[in-house]
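Colleague: Got a predicted model here, sequence first, then my questions.
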Amino acid sequence: MVTTRTPLMAGNWKMNFNHLQAIAFVQKLAWTLKDAKHEYEQVEVAVFPPFTDLRSVQTIVQADKLDIEYGAQDLSEHDSGAYTGDISGEFIAQLGARYVLVGHSERRTIHGESDEVCKAKVDAAIRHGLVPVLCVGESLEERESSDNPADVSIAQLKAALADVKPGTDIVIAYEPVWAIGTGKVATAEQAQEVCAAIRGALGELLGEESAAQTRILYGGSVKPANVASIMREPDIDGALVGGASLSIDDFASIIRYHSHVGT
Ligand code: PGA
């Protein structure tokens, strides 16, 4: 099957940058990529700012007609009502966001989000026309205690996508918890092994066509120095970048991995 999956480089800012810093960052990133003659159809670029920055990012993207996409880091599984502190997918979609992260390991561990909650959030995202970027991945203990390093990711995937229909636009991010923010990057082979298994599971859940079209990102200590080897793997279609996405030079270099393939 011929596939045309456009690689996606996604910057997860986590709880960094206020709205003024967000504007400055997006503007500088756009200039840097323009100087490098970046073609967005070849590698899509998205940033995931804190909620309070989204309106500002929307304004700069629209005013300067930037090709940078943006998304939220989380959403409520509910649409509206008495949920103090929560943010509806409807509000996020109203801000022109294309994406929303669901089930990042920091949400699963720090905020105790279960697979059921992640499923409800995936459904809410789709209901509001957002593309969920579903994060899955195993902890170090889980990796060491299992024969198959993909088991945890596949269980999380199956739970969260239970009601997703074939052909729905979704993105999966494989992020081994032990590689997030630790500097310990999975080897390209380790990442490929799990991403291939995830694609296999997507085939069972949504059919081969959806599996072939769905982008699977790797996340966990992605840096300019390791992105090219990761991107050479056939089932890896981009990266979800935390720390390195806060530096213009590093994030631009990750986006421009084509220019240093082989390093
Ligand atoms: P990291 O974070 O690149 O800083 O490891 C990745 C993530 O948490 O999405």
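Modeller: Yep, that arrived. Numbering: from 1, shown residues only.

Colleague: Could you pull out the strands in the protein for me?
Modeller: For the chain, the strands defined by DSSP state E occupy 8-12, 44-48, 69-72, 99-102, 131-136, 171-174, 215-219, 238-241.

Colleague: Adding mean pLDDT and mean neighbour count, write these out as a markdown table.
Modeller: Heads up, the C-betas are built off the backbone N, CA and C, glycines and all. Formatted as a markdown table, these follow (pLDDT from 0 to 100; neighbours: other Cβ atoms under 10 Å):
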| stretch | mean pLDDT | mean neighbour count |
| --- | --- | --- |
| strand 8-12 | 98 | 26 |
| strand 44-48 | 98 | 24 |
| strand 69-72 | 98 | 24 |
| strand 99-102 | 98 | 26 |
| strand 131-136 | 98 | 27 |
| strand 171-174 | 98 | 27 |
| strand 215-219 | 98 | 26 |
| strand 238-241 | 98 | 28 |
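
Colleague: Show me the one of the ones you listed that comes nearest Ile230.
Modeller: Closest to Ile230 of the strands of the chain, according to Cβ to Cβ: strand 215-219, at 5.4 Å.

Colleague: can you give me the angle that closest one makes with strand 8-12?
Modeller: 40 degrees (axes from the mean of the first three to the mean of the last three Cα atoms, to 10 degrees).

Colleague: List the residues that contact His128.
Modeller: Contact analysis of His128 by Cβ atoms under 8 Å, 6 or more residues apart in numbering lists Leu75, Asp79, Ser88, Gly89, Glu90, Ile92, Ala93.

Colleague: Next, give phi and psi for it.
Modeller: phi -100, psi 10 (degrees, to the nearest 10).
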